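Peer 1: Below are the sequence and a predicted model; questions follow.
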Amino acid sequence: MAKHSLQQVKQRFGIIGNDPKLDRAIDIALQVAPTDLSVLITGESGTGKENFPQIVHQYSNRKHGPYFAINCGSIPEGTIDSELFGHEKGSFTGATGTRIGYFEAADGGTLFLDEVGELPLPTQARLLRVLESGEFIKVGSSKVEKTNVRVVAATNLDMVKAVERGKFREDLYYRLNSVPIRIPPLRDRIEDIPLLFRKFAGDCAEKYMMPSIALTDDAKERLKNYRWPGNVRQLKNITEQISVIEQERLITSDILQKYLPNNEVGMIPVSVHQIQESEQKSFANEREILYQVLFDMKKDITDLKHVVKSIMEDSAQHTPYNTSSSEMHHSSSIITNDNTRVSVPVKYEAMPKKIALDEPEGNNIQEAAEYEESALSISDVEKEMIMKALERHNGKRKLAANDLGISERTLYRKIKEYSLFFIFLLLLVSVSSCRISYSFRGTSINYDLTKTLQITHFVNQAPLVYPPLEQRFNEEMKDMFTRNTRLQLVNQNGDMEIEGEIVGYELTPMAVQEDAFASETKLTMTVRMRFRNNKTDVPDIEERISANRTFSSSEVFDSVQDQLLNELIDEIVDQIFNATMSNW
């Protein structure tokens with residue numbers, strides 16, 4: 001582009017400087033403006049990245065359309081989806097009405113996403129869909145809407161490292177980075193520094209009606225040799241400080257030195273140990289703070305254990321009466337560094353009587369009670385408690401769960417986790433003369449009595465669900481019973497009936513790191529299910545069943561969703577089978 005055209009653009013948008021790297025960035029912005037390609041602007045904080053999206057918009061075919069600049073880092077994670085895509089009335093607490101998001105409001109125009117590297121992973125997935133197909137779904141809605149928006153993004157992060165660390169989706173990075181524009185830092189534009197200083201000094205003098213300041217030659221050299229970690233923004237702040245505070249209008253090198261900090265952020269060398277420590281101590285959100293508090297409590301408990309152990313050992317060595325080592329059993333497992341193991345006392349004795357020092361020598365001194373302990377893991381203790389509770393209640397899972405203080409569903413999962421299912425069946429068979437006839441694996445269904453099964457379509461009532469998910473769930477549900485039983489599926493009047501709704505679908509960031517990005521995300525689905533057996537007097541079953549799966553940003557989301565569907569359907573079948581048995 002001609003030199004005079006570049007100068008016109010600089011004057012229009014207030015860009016000061018003649019550096020070739022800066023001119024190249026402006027030239028790229030002008031060339032890409034007539035197209036609809038996505039643009040990713042990168043550069044350090046304070047370099048003036050916000051000017052380039054306006055150049056792209058004003059020299060594009062969308063210049064008469066709307067233009068919105070959104071700072072993604074300033075919007076809370078819980079509301080950013082609503083801000084960008086809008087929401088329906090009642091979709092969450094406080095949603096008193098329908099709201100139009102920025103993607104809908106900017107239809108036909110340009111949307112500038114500043115600090116795009118701060119977006120949470122779930123929002124990144126939705127943004128990728130908009131960029132690829134122009135489609136989005138409002139929060140709390142199932143209706144797919146279209147938009148025609150040109151997206152220009154900016155960030156001061158190293159996006160390649162962010163992708164490698166799992167904080168930014170690789171596919172979204174390449175989609176945004178169709179045309180990259182790199183803004184050079186101020187330290188790479190040495191000859192532009194005096195020009196910028198003169199511009200800022202003149203603006204400040206005009207604003208506050210005072211004489212403008214000027215630099216001596218040595219002050220100009222000092223200004224050029226400074227690193228400027230805050231770039232143009234820092235230079236403007238220092239210029240305004242000097243203009244207001246200094247009475248002398250000719251600024252020397254010594255005067256300038258007082259306003260150039262030596263310990264500015266980014267100028268002090270930091271050791272690798274300090275970097276690792278700062279990463280460990282940084283708190284991105286409340287969840288990470290809670291994790292840190294728990295880790296500190298764990299460490300304090302470990303230290304307390306060591307103190308108690310040393311006190312016990314000292315008291316044992318200074319016992320006033322004679323007790324041989326074979327008679328004292330202070331097991332080392334009482335205090336252990338392995339926090340996954342606990343000590344369980346297996347024998348309790350009455351406390352010994354106090355020793356009277358003035359008793360006659362003929363009286364026998366009562367020896368200390370023997371205290372035996374056996375180290376068991378937490379899982380062993382849980383397993384033993386579950387077995388005893390089931391034995392006490394003759395295999396009645398509901399009563400056993402109440403005795404243990406947990407839900408019946410949790411007890412069932414513990415039975416499967418500790419492989420106690422066979423023992424559970426033995427307990428049921430030992431206290432009941434009835435025949436098991438409700439296995440949905442097709443091994444013991446009484447087909448003389450039960451021949452048909454009616455599965456009513458599970459309707460989706462959860463927000464943020466991709467519409468095809470409802471159809472896939474219902475198809476998989478019917479296919480499960482078709483493959484594993486000889487029951488005939490009917491549309492009405494079935495011997496057994498299953499119905500329900502999809503009521504929950506949530507994406508939760510897990511393993512949040514220091515800059516509020518999650519390397520892993522948990523997908524949770526919840527279904528409300530009702531089961532009825534019209535051929536027996538077994539009570540109807542109504543359960544709210546959830547299943548979740550944690551996945552990394554490198555996994556394919558559709559594959560994770562399919563696996564979660566299968567797990568949820570298996571859980572529904574198991575709940576029907578076991579709830580039926582526990583009611584016998």
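Peer 2: Sure thing, it's come through. Values in this document were obtained by computation on a predicted structure and should not be read as measured data. Numbers count the residues shown, from 1 in each chain.
Peer 1: For the rest of this, base every contact and every neighbour count on C-alpha atoms.
Peer 2: Fine.
Peer 1: Quick one: the helices in the stretch 151-300 of the chain, in order.
Peer 2: Secondary structure of the stretch 151-300 of the chain (DSSP state H, counting those that start in this stretch): helices located at 159-164, 170-176, 192-208, 217-225, 231-245, 253-257, 272-281, 286-317.
Peer 1: If you count neighbours, what's buried in the last one?
Peer 2: Burial within helix 286-317, assessed by neighbour count using 16 or more other CA atoms under 10 Å, is assigned to Glu288, Gln292, Thr302, Lys305, Lys309.
Peer 1: Next, format those as TSV and append pLDDT and distance to Ile55.
Peer 2: Formatted as TSV, these follow (pLDDT from 0 to 100; distance: CA to CA, whole Å):
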residue	pLDDT	distance to Ile55
Glu288	66	40
Gln292	75	45
Thr302	85	60
Lys305	83	65
Lys309	82	71
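Peer 1: Can you tell me which of the residues you listed is closest to Glu475?
Peer 2: Glu475 has its nearest neighbour among the buried residues of helix 286-317 in Glu288, at 39.9 Å by CA to CA.
Peer 1: before we move on, the earlier item: with Val9 as the reference, name the closest of the helices of the stretch 151-300 of the chain.
Peer 2: The nearest among the helices of the stretch 151-300 of the chain, by CA to CA, is helix 192-208 at 16.7 Å.
Peer 1: packing partners for that closest one?
Peer 2: helix 217-225, helix 231-245 (3 or more CA pairs under 8 Å, 6 or more residues apart in numbering; DSSP states H and E).
Peer 1: quick one, the first one and helix 231-245 angle?
Peer 2: Spelled out, it's helix 217-225. 150 degrees (axes from the mean of the first three to the mean of the last three CA atoms, to 10 degrees).
Peer 1: now the angle from helix 217-225 to helix 192-208?
Peer 2: Orientation check (the same axes, to 10 degrees): helix 217-225 against helix 192-208 gives 110 degrees.
Peer 1: With the longest one instead?
Peer 2: Helix 231-245 and helix 192-208 meet at an angle of 50 degrees, taking the same axes, to 10 degrees as the criterion.
Peer 1: which residues of the stretch 301-450 of the chain score low on pLDDT?
Peer 2: 315-376, 409, 419-446 (pLDDT under 70).
Peer 1: Would it be right to say that Tyr544 lies in a helix?
Peer 2: Careful, residue 544 is Arg and not Tyr. No - per DSSP: H, G, I helix; E, B strand; the rest coil, Arg544 lies outside any helix segment and is strand.
Peer 1: That one - nearest residue in space that isn't next to it in sequence?
Peer 2: Nearest residue to Arg544 in three dimensions, chain neighbours excluded: Arg528, at 4.4 Å (CA to CA, 6 or more residues apart in numbering).
Peer 1: do the same with Arg222
Peer 2: Leaving out its chain neighbours, the residue that sits closest to Arg222 by CA to CA, 6+ apart is Ser253, at 6.6 Å.
Peer 1: Provide a list of residues in contact with that neighbour.
Peer 2: Thr216, Asp218, Ala219, Lys220, Arg222 (CA atoms under 8 Å, 6 or more residues apart in numbering).
Peer 1: of these, closest to Asp495?
Peer 2: Nearest member of those to Asp495, counting by CA to CA, is Arg222, at 89.7 Å.
Peer 1: Could you report the neighbour count for the closest one?
Peer 2: Arg222 has 16 neighbouring residues, counting by other CA atoms under 10 Å.
Peer 1: and Arg126, what pLDDT?
Peer 2: pLDDT, Arg126: 92.
Peer 1: can you check Asp296 too?
Peer 2: 81.
Peer 1: Distance of it relative to Ser5?
Peer 2: Relative to Ser5, Asp296 is positioned 61 Å away (CA to CA, to the nearest Å).
Peer 1: One more: Ile181?
Peer 2: 19 Å.
Peer 1: the more surrounded of the two?
Peer 2: More neighbours surround Ile181 than the other of Ile181 and Ser5, with 21 against 11 (other CA under 10 Å).
Peer 1: Ile572 versus that one, what's the distance?
Peer 2: Distance from Ile181 to Ile572, by CA to CA: 52 Å.
Peer 1: now swap in Glu191 and tell me
Peer 2: 71 Å.
Peer 1: ok, the two, which is more surrounded?
Peer 2: Between Glu191 and Ile572, counting by other CA under 10 Å, Ile572 is the more crowded of the two (22 against 14).
Peer 1: what helix or strand is that one on?
Peer 2: helix 557-582 (DSSP states H and E).
Peer 1: Can you tell me which helices and strands that helix packs against?
Peer 2: helix 468-484, strand 518-533, strand 541-552.
Peer 1: For Phe168, which non-adjacent residue is spatially closest?
Peer 2: Using CA to CA, 6+ apart, the nearest residue to Phe168 is Ala162, at 5.5 Å.
Peer 1: so what's the residue positioned nearest the centre of the chain scoring on pLDDT?
Peer 2: Centroid-nearest residue in the chain: Pro509, 1.6 Å away (criterion: CA atoms, centre = their mean). With respect to pLDDT, Pro509 scores 78.
Peer 1: Using CSV, write out the CA atom coordinates for the helix or strand containing it.
Peer 2: According to DSSP H and E, Pro509 maps onto strand 496-512. Only the C-alpha atoms of strand 496-512 are listed here, as CSV (Å, rounded to 0.1, in the frame of the first residue of the first chain):
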residue,chain,number,x,y,z
MET,A,496,-43.3,-53.5,31.8
GLU,A,497,-43.2,-49.7,31.2
ILE,A,498,-40.2,-47.3,31.3
GLU,A,499,-40.6,-43.5,30.9
GLY,A,500,-38.8,-40.4,32.0
GLU,A,501,-37.0,-37.1,30.9
ILE,A,502,-33.5,-35.8,30.4
VAL,A,503,-33.4,-33.1,33.1
GLY,A,504,-29.7,-32.2,33.5
TYR,A,505,-26.7,-31.5,31.2
GLU,A,506,-23.7,-29.6,32.7
LEU,A,507,-20.1,-28.9,31.8
THR,A,508,-17.9,-28.2,34.8
PRO,A,509,-14.2,-27.2,34.6
MET,A,510,-11.9,-29.5,36.6
ALA,A,511,-8.2,-29.2,37.6
VAL,A,512,-8.3,-25.4,37.3
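Peer 1: quick one, it and strand 541-552 angle?
Peer 2: 30 degrees.
Peer 1: What strands line up against strand 496-512, and which way round?
Peer 2: The pairing partners recorded for strand 496-512 under DSSP bridges are strand 452-455 (parallel), strand 459-460 (parallel), strand 518-533 (antiparallel).
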